[in-house]
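Peer 1: 3D, please:
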Amino acid sequence: MHPGALLDLLKRRTGFTEAHARLLAELGRVMTPIAPEVALAFYDYLGRDPELSEILHAVPGRVERLYGTFARWYGDLFSGVYDGAYAERRRRIGLVHARLGIGPRAMIPAMGIVQELSLEHLRTALRGPEVFSAVEAFEKIIAIEIGLIEESYLEALSLGLSLGYRDLKEALSQGAAALLS
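Peer 2: Residues are numbered from 1 along each chain as shown. Purely as a prediction, here's the structure:
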């Protein structure tokens, strides 16, 4: 499915509206400053897993570069613009992860770290009933994020299997490499 069409489907299924998009854009002033803290916790979490740590540290400077990439990704969550280009960026993120061997069983728990820290910050930064609509909007965009990235894994795995790779991890990685080239 084309990323833009998938995004539209996920918006419908999650009930994500333009009001949610506007609210996320407003929350950007409160949320984007914590991107470095969230990135630190995110990569600390990944670094405690031997398999993921090996991937993170396989290339000198990779982790440091990823902090910047993470900050841009996190800022995008609060951009207020969720269109075909946004969906394509998420697809590419999933494909890059898949090519490196970082599959859904690593990505989804790591997204839990992002969600946990972000929700904690929302609850402390906002006072009163506005926290409920902020949490709702954030949870919807995280569900959409996971859906978009997960779909890219399925696309890569499908292609890898059709190319003749039988080991699922290799099929995922090689399918993603083919889609990225």
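Peer 1: run through the residues that contact Glu51.
Peer 2: 101, 106 (C-beta atoms under 8 Å, 6 or more residues apart in numbering). Every residue, glycine included, has its C-beta placed from N, CA and C.
Peer 1: just the element for it, please.
Peer 2: According to DSSP states H and E, Glu51 maps onto helix 50-56.
Peer 1: tell me which residue lies nearest the centroid of the chain.
Peer 2: The centre of the chain sits closest to Glu145, judged by C-alpha atoms, centre = their mean, with a distance of 5.2 Å.
Peer 1: show me how far stretch 87-95 is from its chain's centre.
Peer 2: Here stretch 87-95 is found 8 Å from its chain centre; the criterion is C-alpha atoms, centre = their mean, to the nearest Å.
Peer 1: give the rounded mean pLDDT of it.
Peer 2: In this model, stretch 87-95 carries a mean pLDDT of 96.
Peer 1: buried ones in the longest helix anywhere in the chain?
Peer 2: When the chain is scanned for its longest helix (criterion: DSSP state H), the result is helix 130-162. Across helix 130-162, burial judged by 16 or more other C-beta atoms under 10 Å covers 134, 137-138, 140-153, 155-157, 159-161.
Peer 1: that older thread, can you list the buried residues in the helix holding Glu51?
Peer 2: Result for helix 50-56 [16+ other C-beta under 10 Å]: buried residues 52, 55-56.
Peer 1: next SSE downstream of that helix?
Peer 2: Immediately after helix 50-56, counting by DSSP H and E, sits helix 62-77.
Peer 1: so which elements touch that next one?
Peer 2: If you count contacts as 3 or more C-beta pairs under 8 Å, 6 or more residues apart in numbering; DSSP states H and E, helix 62-77 packs onto helix 18-31, helix 35-47, helix 50-56, helix 84-100, helix 130-162.
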